[in-house]
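S.K.: Next one to model:
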Amino acid sequence: TVAVFLGLDPLSLLVYSQILLSLMIALPMIPLITFTAKKDLMGQFVNKRLTTTLALISATLIIALNTYLIYVILAPYNLILQALILGAYAVYHIYIVYAMLG
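M.R.: From the prediction side, this is the model:
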C-alpha cells in the first residue's frame, strides 16, 4: 500500500526484495551447515559426510550465482563501484566462514 501511495512499481519492489533475500541466504546457510556437521554439538543427529558435502556444494553454487547476479546488475556502472561491492560481498562471506571455523 505504501509503495502504491508513493508511486513505486510494486512488481519492481518485489523483484528487488527477492534479490536481496537471495544475497542474504548465506548468512543462515553457512552456520547451519557448520553446526549440523559437528558431532559434539548434534550428537546422533549430526549430518552425514555426504549431506554436508552436498550442502557445501549447494552453498558454493548459490554464492557463485549471487556474485554473478551482482556483477550483471552492476554491469552498466563504474568498474570501481563493481569492484567495491563485489569485494564487500566476498569479505562478508569470508567473515562468515572464518567466524564458523574459529
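
S.K.: per-residue confidence for Ile80?
M.R.: Each residue has a pLDDT score; the one for Ile80 is 87.

S.K.: which element is it on?
M.R.: Counting by DSSP states H and E, the element that carries Ile80 is helix 79-101.

S.K.: Show me what that helix is in contact with.
M.R.: 23, 26-27, 30-31, 34, 63, 66-67, 70-71, 74-75 (C-beta atoms under 8 Å, 6 or more residues apart in numbering). Where C-beta positions appear, they are placed from N, C-alpha and C, glycine not excepted.

S.K.: now those in CSV, with distance to Phe45?
M.R.: Listed next are the contacts of helix 79-101 as CSV, based on distance: C-beta to C-beta, whole Å:
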residue, distance to Phe45
Leu23, 30
Ala26, 23
Leu27, 22
Ile30, 19
Pro31, 16
Thr34, 15
Ile63, 26
Asn66, 29
Thr67, 32
Ile70, 35
Tyr71, 38
Leu74, 41
Ala75, 44
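
S.K.: All good on my end, thank you.
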